[in-house]
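Engineer: Structure for the following, please:
(one chain, ligands or ions: 1)
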Amino acid sequence: MTTPAVSLQGASLSFGNRVLWHDLDLEINPGEFFAVLGPNGSGKTSFLRVLLGLQPLTHGSARINGSSVARGSRDIGYIPQQKSFVPGTPLRARDLVGLGLDGHRWGVRLNGRRHRRRVDELLDLVGASSYAEAPVGLLSGGEQQRLRAAQALATDPKVLLCDEPLLSLDLHHQQAVSALINAQCHEQNSAVVFVTHEINPIIDYVDRVLYLAGGQFRVGAPEEVMTTEVLSDMYNSHVEVIHNEGRIIVVGLPDATTHHHGEED
Ligand SMILES: Nc1ncnc2c1ncn2[C@@H]1O[C@H](COP(=O)(O)OP(=O)(O)OP(=O)(O)O)[C@@H](O)[C@H]1O
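Structural biologist: Model (predicted):
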């Protein structure tokens with residue numbers, strides 16, 4: 001039996017009397033593309049922070065490849081939610097990607113030429129070759145974001161955690177970066193946990209979703225979770241889900257962050 005890449009047992013996370021999720025049992029397998037969806041403040045980033053070992057659970061346990069979560073795990077690649085590098089950051093684009101390769105401190109260190117070739121390959125895959133030598137602080141938000149994706153993929157991680165990795169990318173680069181993440185998942189057998197507000201750019205790749213809203217969660221295939229019935233129940237308000245030509249359109253979302261099940265508003 002394969003060890004799950006990610007495993008949560010009886011996991012709950014609350015801040016004060018605010019419950020983000022409660023009693024979550026979940027296993028994510030190697031080679032599975034797992035999307036985490038939900039409105040602002042529903043706990044998507046907190047979910048990644050639990051897996052990164054940065055956020056303790058209120059109850060339950062979280063494991064990565066069979067071991068308790070720990071900060072700095074070499075099994076994990078992470079594309080953080082976008083924050084800009086300041087203009088004076090003393091790194092070129094290729095240095096940033098190279099840091100991903102160098103992160104394998106105990107692994108086989110690539111020699112100079114192979115290192116350079118791999119960095120060039122990754123820069124090319126995210127369409128960043130033309131600005132390889134540019135200081136990162138001078139690049140646009142989307143250009144920086146593509147480098148972060150390349151850096152995370154450089155480590156060939158067993159578990160790839162992505163926090164809104166397509167944010168501020170144009171359509172062409174959204175497609176390129178999501179295809180690259182999909183290849184890491186379905187060809188290299190990494191488990192991908194992909195936080196997003198919008199499922200459509202990755203709809204062809206997603207195996208299962210975790211939908212968080214109003215202190216509740218649902219897990220299942222997109223067609224099981226993204227339905228009028230399920231989302232209306234979670235939001236406690238009528239939400240219409242339209243499936244059209246392979247896309248999912250959700251209409252009439254209330255502000256779920258101010259409504260918490262089990263609480264008096
Ligand atoms: N350390 C903390 N202490 C107290 N509250 C916190 C802490 N971390 C997160 N929260 C709260 O938990 C909620 C969930 O935050 P989180 O960033 O996980 O949401 P999110 O789903 O990623 O939101 P967004 O879509 O806006 O990025 C927020 O209301 C946030 O203020």
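Engineer: Tell me if G88 really is in a strand.
Structural biologist: No - with DSSP: H, G, I helix; E, B strand; the rest coil as the criterion, G88 is located in coil rather than a strand.
Engineer: what's the neighbour count on it?
Structural biologist: Per other CB atoms under 10 Å, the neighbour tally for G88 reads 8. Every C-beta, even on glycine, is put in place using the N, C-alpha and C of the backbone.
Engineer: That one - nearest residue in space that isn't next to it in sequence?
Structural biologist: Spatially, and ignoring its direct neighbours in sequence, G88 is nearest to G137 (5.9 Å; CB to CB, 6 or more residues apart in numbering).
Engineer: measure the one you found to P90 for me?
Structural biologist: When CB to CB, to the nearest Å is the yardstick, G137 and P90 sit 9 Å from each other.
Engineer: next one: S67
Structural biologist: Going from S67 to P90 by CB to CB gives 35 Å.
Engineer: And for R247?
Structural biologist: Taking CB to CB as the measure, R247 falls 43 Å from P90.
Engineer: And the two? Which one has more around it.
Structural biologist: Legend: neighbour count by other CB under 10 Å for R247 and P90, higher for R247 (11 against 8).
Engineer: The residue lying closest to the more buried one once chain neighbours are set aside: neighbour count?
Structural biologist: Leaving aside its sequence neighbours, R247 sits nearest to N200 (CB to CB, 6+ apart; 5.0 Å). For N200, the neighbour count with other CB under 10 Å is 11.
Engineer: Next one: N200, what pLDDT does it get?
Structural biologist: Listed pLDDT for N200 reads 94.
Engineer: Go ahead and confirm it touches E245.
Structural biologist: No - with contacts defined as CB atoms under 8 Å, N200 does not count as touching E245, sitting 10.5 Å away.
Engineer: Can you read off the pLDDT for the closest residue to S73 other than its chain neighbours?
Structural biologist: Distances taken as CB to CB, 6+ apart put I64 closest to S73, at 5.9 Å, once the chain neighbours are dropped. On the pLDDT scale, I64 is placed at 96.
Engineer: try M1
Structural biologist: M1 carries a pLDDT value of 71.
Engineer: All the strands of the stretch 151-265 of the chain, residue numbers only.
Structural biologist: For the stretch 151-265 of the chain, strands defined by DSSP state E, counting those that start in this stretch occupy the ranges 159-163, 191-195, 208-213, 216-220, 240-244, 247-251.
Engineer: again, but for the stretch 1-150 of the chain
Structural biologist: Under DSSP E, counting those that start in this stretch, the stretch 1-150 of the chain gives strands at 6-15, 18-28, 33-37, 59-64, 67-68, 76-79.
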